[in-house]
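**Q** The sequence isn't on hand, but the structure is:
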């Protein structure tokens, strides 16, 4: 089992912040008068109501050391299925490459982020309190 260089509590706190931001993103499910999704696509990036919480999330990521940022991103990769737990070293290598070239904002642009991180922690047999 991989040993994380970021505390589980930090990841759990980040998941809670990500859930809050994801909950502020309007639904794109349509208005039930049509059979398709005709509502405008809105992402976390497009929603001004999330700006303050997103800023806190960016500050959180920026406040992590490089090892912690790397493991957080590797957890995202595992949670979304790019790698499984047995491929942890590969996920960490890819995360290291990406961390070097981007700012913290790129990690928080996906509304499924809380699920990715939760799934990754579950795969590592780690539970948030």
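**A** Yep, that arrived. Here the structure is a predicted model, which is why all the values come from computation and not from measurement.
**Q** measure the residue nearest the centre of the chain to residue 61 for me?
**A** Most central residue of the chain, judged by C-alpha distance to the mean C-alpha position with C-alpha atoms, centre = their mean, is residue 113 at 3.2 Å. In this view, residue 113 and residue 61 are 11 Å apart by C-beta to C-beta, to the nearest Å. All C-beta spots, glycine's among them, are computed from the backbone N, C-alpha and C.
**Q** So for those two, which residues contact both of them?
**A** Listed contacts common to residue 113 and residue 61 are residue 107; contacts here mean C-beta atoms under 8 Å, 6 or more residues apart in numbering.
**Q** what comes up buried for the least confident helix or strand in the chain by mean pLDDT?
**A** Within the chain, no helix or strand scores below helix 51-63, which has a mean of 84 by mean pLDDT, DSSP states H and E. By neighbour count with 16 or more other C-beta atoms under 10 Å, helix 51-63 contains the buried residues 53, 54, 57, 58, 60, 61.
**Q** Rebuild the residues you listed as a markdown table, extending it with distance to residue 100.
**A** Shown next, in a markdown table, are those (distance: C-beta to C-beta, whole Å):
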| residue | distance to residue 100 |
| --- | --- |
| 53 | 26 |
| 54 | 22 |
| 57 | 20 |
| 58 | 17 |
| 60 | 19 |
| 61 | 14 |
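**Q** what residues does the lengthiest helix in the chain touch?
**A** In the chain, assigned by DSSP state H, the helix with the most residues is helix 8-23. For helix 8-23, the surrounding residues in contact (C-beta under 8 Å, 6+ apart) are 4, 44, 50, 53-54, 56-57, 60, 64, 68, 72, 75, 108, 111-114, 117-118, 121, 126, 128-129.
**Q** What sits closest to residue 76 if chain neighbours are left out?
**A** Counting by C-beta to C-beta, 6 or more residues apart in numbering, residue 76 lies nearest to residue 116, which is 5.0 Å off, once chain neighbours are set aside.
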